[in-house]
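# Below are the sequence and a predicted model; questions follow.
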Amino acid sequence: MARITGLRTLRIGEHPNLLWVEISTDEGLIGLGESFRGASVVEAMLHDQVAPWLIGRDPRHIEAVSLELMGPYLGFGSSGAEVRAASAVDIALWDLAGQRQGVPVHVAMGGAVRDRIRVYNTCAGYRFNTAGGTRREVGAGDRPAGPYDDQVAFMKDAGGLACSLLEEGYGAMKIWPFDVHAAKTGGQSISLPDLKTGLEPFRKIREAVGHRIEVMAELHSFWNAEAAARICRALEDYDVLWAEDPLAKMNDAAALADLRRRTRTPVCGSETIAGIVKFRELLAADALDFVMLDVAWCGGLTEARKIAALAQSHARPVAPHDCTGPVTLIAGLHLALHAPTAIFQEVVRASLATWYRDLVTDLPVIEQGMALAPGRAGLGTRLQPDLWRREDAAVRISGDAIR
């Protein structure tokens with residue numbers, strides 16, 4: 001019998017929304033997990049509520065731990081701090097499972113159905129979702145901070161951006177030019193001039209590269225049903241692959257199903273949803289064309305695998321989300337290699353080229369728009385050792401954590 005002996009967490013001031021957790025066992029192994037958003041709250045949840053129950057338990061029984069942490073007293077059935085904490089623990093336990101067996105996580109989960117998977121570039125910049133803990137908005141005066149400042153690029157030269165991505169082998173890209181107009185009405189409506197402005201990047205992409213690249217429209221849950229329908233109908237002319245998170249409440253199965261009936265633009269959702277029950281309701285209502293999940297928000301790899309199986313039973317493709325942190329990206333990639341209906345893994349090339357490298361020892365290898373299967377045991381990456389010794393590091397330990 002193996003036993004969990006300790007848990008330690010790390011936050012750094014430079015990336016205030018990210019939290020990492022390491023779980024130690026009496027086998028001498030350390031499993032790595034990650035959470036994003038509200039990091040200090042998730043940290044408190046892990047040490048005050050999860051660690052006293054978790055320490056001393058057998059790390060091999062991942063399903064039992066998942067059921068407890070996603071249950072009525074610690075889970076609450078949504079992607080709040082409780083579920084984000086449970087997700088981080090679950091990812092770390094799968095990392096341990098792979099290390100214990102000497103195989104990558106996707107093999108420990110039952111094996112891969114592919115040895116690589118297509119990626120799409122979310123066209124964010126170097127500090128998207130990280131600087132100051134908030135999501136960046138691009139204004140008229142912004143200028144690119146470097147060659148991969150893709151959020152500025154899609155607002156100012158979407159055609160050139162599409163050409164750049166194709167040159168690097170990317171076959172798909174995601175942009176969100178409607179976001180800047182949502183605040184004017186609180187997402188309750190969008191004017192014809194704003195609609196036309198929001199469509200311009202899609203027009204420029206098609207004008208520059210035709211249909212050589214897939215384009216996804218991210219709507220970030222900013223819109224009510226009427227505004228979302230207007231946007232989605234307008235996008236039909238540009239053959240977008242999907243409109244992602246079009247409604248403010250992505251757990252509203254009836255509203256999503258109604259929207260899907262009103263437009264030919266496929267609907268994708270949602271990184272914001274946790275647990276199999278909500279996904280079951282959405283799929284049963286025929287509300288989604290594409291299933292997106294975030295392994296660090298939905299309940300970890302254990303819950304993500306169940307959601308992927310639900311999607312498979314409804315013949316729906318799966319696309320793991322990442323625009324937050326490198327461990328989430330790698331965990332999502334393992335799921336995408338394992339899940340039969342997975343079609344994409346999301347990446348941000350600006351993050352891969354810069355700050356992700358500063359945080360972990362290994363990142364996915366991407367060749368010609370495909371992420372290759374990691375070959376090392378477990379997740380196949382560790383935190384950079386110097387992170388724990390940074391001046392802006394906040395470290396907290398429960399039990400006897402290996403250091």
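Received the coordinates, thanks.

# And the strands in the stretch 251-400 of the chain?
Taking DSSP state E, counting those that start in this stretch as the test, the strands found in the stretch 251-400 of the chain are 267-269, 290-293, 318-320, 345-347, 366-367, 370-372, 393-399.

# again but with the stretch 101-250 of the chain, I slipped
Along the stretch 101-250 of the chain, counting by DSSP E, counting those that start in this stretch, strands occupy 116-122, 172-175, 214-218, 242-244.

# just those strands: most buried one?
Stretch with highest mean neighbour count among the strands of the stretch 101-250 of the chain: strand 242-244 (a mean of 26; mean count of other Cβ atoms under 10 Å). For every residue, glycine as well, the C-beta is placed using N, CA and C.

# give me the low-pLDDT residue ranges for the stretch 1-150 of the chain?
72-78, 129-142 (pLDDT under 70).

# so which of the strands of the stretch 251-400 of the chain comes closest to Thr9?
Thr9 lies closest to strand 393-399 among the strands of the stretch 251-400 of the chain, at 5.1 Å (Cβ to Cβ).

# Direction included, what does that closest one pair against?
In the sheet, strand 393-399 lines up against strand 4-12 (antiparallel) (DSSP bridges).

# next structured bit after the partner strand?
Using DSSP states H and E, the helix or strand that follows strand 4-12 towards the C-terminus is strand 15-25.

# Pretty sure Leu10 sits against Arg390.
No: applying Cβ atoms under 8 Å as the test, Leu10 and Arg390 come out as separate, 9.1 Å apart.

# quick one, phi/psi of Ala339?
Torsion angles at Ala339 (phi, psi; degrees, to the nearest 10) stand at phi -80, psi 130.

# residues contacting the residue nearest to it when sequence neighbours are not counted?
Nearest non-adjacent residue to Ala339, counting by Cβ to Cβ, 6 or more residues apart in numbering: Ala308, 3.8 Å away. Shown in contact with Ala308 (Cβ atoms under 8 Å, 6 or more residues apart in numbering): Val291, Leu293, Val318, Leu335, His338, Ala339, Pro340, Thr341, Ala342.

# number of nearby residues for the nearest residue to Val50 once chain neighbours are set aside?
Of all residues not flanking Val50 in the chain, Ala85 sits nearest, at 5.6 Å (Cβ to Cβ, 6+ apart). If you count neighbours by other Cβ atoms under 10 Å, Ala85 ends up with 29.

# measure Ala85 to Asp115 for me?
Distance of Ala85 to Asp115, computed by Cβ to Cβ, to the nearest Å: 33 Å.

# ok, now Ala309?
Ala309 is 21 Å from Asp115, where distance means Cβ to Cβ.

# One more: His211?
In this view, His211 and Asp115 are 27 Å apart by Cβ to Cβ.

# Please apply the same query to Val107.
Distance from Val107 to Asp115, by Cβ to Cβ: 11 Å.

# Leu10 and Arg390 - which one has more neighbours?
Neighbours per residue, other Cβ under 10 Å: of Leu10 and Arg390, the larger number sits with Leu10, 19 against 14.

# Contacts only, for the residue lying closest to that one once chain neighbours are set aside.
Distance criterion Cβ to Cβ, 6+ apart; nearest residue to Leu10, sequence neighbours excluded, is Trp20 at 4.7 Å. Trp20 is in contact with Thr9, Leu10, Arg11, Leu32, Gly33, Glu34, Ser35, Ala88, Val327, Leu383, Leu387, counting by Cβ under 8 Å, 6+ apart.

# residues touching Gly98, list them.
Going by Cβ under 8 Å, 6+ apart, Gly98 touches Pro104, Val105, Val107, Ala108, Ala377, Gly378, Leu379.

# and with 6 Å instead?
Pro104, Val105, Ala108, Ala377, Gly378 (Cβ atoms under 6 Å, 6 or more residues apart in numbering).

# Helices - which of those land there?
Secondary structure from DSSP state H places Val105, Ala108 of those in helices.

# circling back: okay, the contacts of Trp20 in JSON lines with distance to Gly171 next?
Below are the contacts of Trp20 laid out as JSON lines (distance: Cβ to Cβ, whole Å):
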{"residue": "Thr9", "distance to Gly171": "38"}
{"residue": "Leu10", "distance to Gly171": "36"}
{"residue": "Arg11", "distance to Gly171": "36"}
{"residue": "Leu32", "distance to Gly171": "30"}
{"residue": "Gly33", "distance to Gly171": "31"}
{"residue": "Glu34", "distance to Gly171": "27"}
{"residue": "Ser35", "distance to Gly171": "31"}
{"residue": "Ala88", "distance to Gly171": "32"}
{"residue": "Val327", "distance to Gly171": "25"}
{"residue": "Leu383", "distance to Gly171": "31"}
{"residue": "Leu387", "distance to Gly171": "34"}
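
# Kindly indicate which of those residues lies nearest Gly169.
Val327 (24.4 Å).

# mind checking how far that closest one is from Val21?
Taken as Cβ to Cβ, the span from Val327 to Val21 is 10 Å.
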